[in-house]
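J.: pasted the sequence and its predicted model underneath.
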Amino acid sequence: METTLDWIRDIRLYQHKNGYRFSVDALLLYAFVNMKHVHRAVDLGTGSGIIGLLVAKKYAGARVQLVELQESLYRLAARNIGLNGLGDRVSLMNADIKEVRGLLEPHACDLVVSNPPFRKPATGRISCGEEKAVARHELKIKLPDLAGAASWLLKGKGRFFMIFHPDRLIEVIDTLREHNLEPKRLRFVHNDTGSVSKIFMIEAVKDGRPGLKLDRPLFLYGPDGNYTEEVRRMYDVR
């Protein structure tokens, strides 16, 4: 497939012109990760590598494992690791998230992140093209599979950060708890002050104590139709 070369913060990234392409969701989730120190991290369903690469840049000493099922996106992620000079700290695996138990070391990570497909196959319009469809709809992975993989990978008190759809918030909380991931922080994202939330970000702690903090809402656009100052800061490299 034809590719484009794009920039986000200090990351250069090849993407398929007509395949799955990252959105602002990836940047929002990256910015939501607020850990002081990270030694080992895993990005489940990395796509072209965007979130994992941003995490590697954010935590200069961290070793980051990327996991991607789709061969076409796996090849892009491999290319993007080299493009950004991160081959010494970022590894890549072409594998199903459901199979990480047999492939990666258990209970060894401080951080797991995921921007997973969050639409059930019977809901929403199925994206054109298999690459987009698999990335956005639960065709290959289900929420319990994702939570189980994250719990397996995380050490005690390790953190899982995920972005998902508000329609399934209760399902997300119940599923995380079933896998010993205690929801600790939640933030709803809105297009503007007059719109309902279409996505939320959640942080869960492995074997954590109950107690959920609700962050103030995040608004993407101001009255002028441009990104808010908070979102512009996410894009800025200082």
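T.: Nice, thanks for sending it over. Numbers count the residues shown, from 1 in each chain.
J.: okay, strands next: where are they in the protein?
T.: Taking DSSP state E to define them, one finds strands in the chain at 3-8, 11-16, 40-44, 63-68, 90-94, 109-114, 154-164, 181-190, 197-206, 213-214, 218-219.
J.: by contact count, what packs against the second one?
T.: Taking 3 or more C-beta pairs under 8 Å, 6 or more residues apart in numbering; DSSP states H and E as contact, the helices and strands that strand 11-16 lies on are strand 3-8, helix 50-58, helix 71-83. The way it works is simple: take the backbone N, C-alpha and C, and place the C-beta from them, glycine included.
J.: that older thread, and the strands of the chain as JSON lines, adding mean pLDDT and mean neighbour count?
T.: Formatted as JSON lines, these follow (pLDDT from 0 to 100; neighbours: other C-beta atoms under 10 Å):
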{"stretch": "strand 3-8", "mean pLDDT": "93", "mean neighbour count": "13"}
{"stretch": "strand 11-16", "mean pLDDT": "94", "mean neighbour count": "19"}
{"stretch": "strand 40-44", "mean pLDDT": "98", "mean neighbour count": "26"}
{"stretch": "strand 63-68", "mean pLDDT": "98", "mean neighbour count": "25"}
{"stretch": "strand 90-94", "mean pLDDT": "97", "mean neighbour count": "19"}
{"stretch": "strand 109-114", "mean pLDDT": "98", "mean neighbour count": "25"}
{"stretch": "strand 154-164", "mean pLDDT": "97", "mean neighbour count": "21"}
{"stretch": "strand 181-190", "mean pLDDT": "98", "mean neighbour count": "19"}
{"stretch": "strand 197-206", "mean pLDDT": "97", "mean neighbour count": "21"}
{"stretch": "strand 213-214", "mean pLDDT": "98", "mean neighbour count": "10"}
{"stretch": "strand 218-219", "mean pLDDT": "98", "mean neighbour count": "19"}
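J.: possible to save those strands as JSON lines with distance to residue 82?
T.: Formatted as JSON lines, the strands of the chain follow (distance: least, C-beta to C-beta, whole Å):
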{"stretch": "strand 3-8", "distance to residue 82": "13"}
{"stretch": "strand 11-16", "distance to residue 82": "10"}
{"stretch": "strand 40-44", "distance to residue 82": "17"}
{"stretch": "strand 63-68", "distance to residue 82": "13"}
{"stretch": "strand 90-94", "distance to residue 82": "10"}
{"stretch": "strand 109-114", "distance to residue 82": "21"}
{"stretch": "strand 154-164", "distance to residue 82": "26"}
{"stretch": "strand 181-190", "distance to residue 82": "32"}
{"stretch": "strand 197-206", "distance to residue 82": "29"}
{"stretch": "strand 213-214", "distance to residue 82": "39"}
{"stretch": "strand 218-219", "distance to residue 82": "33"}
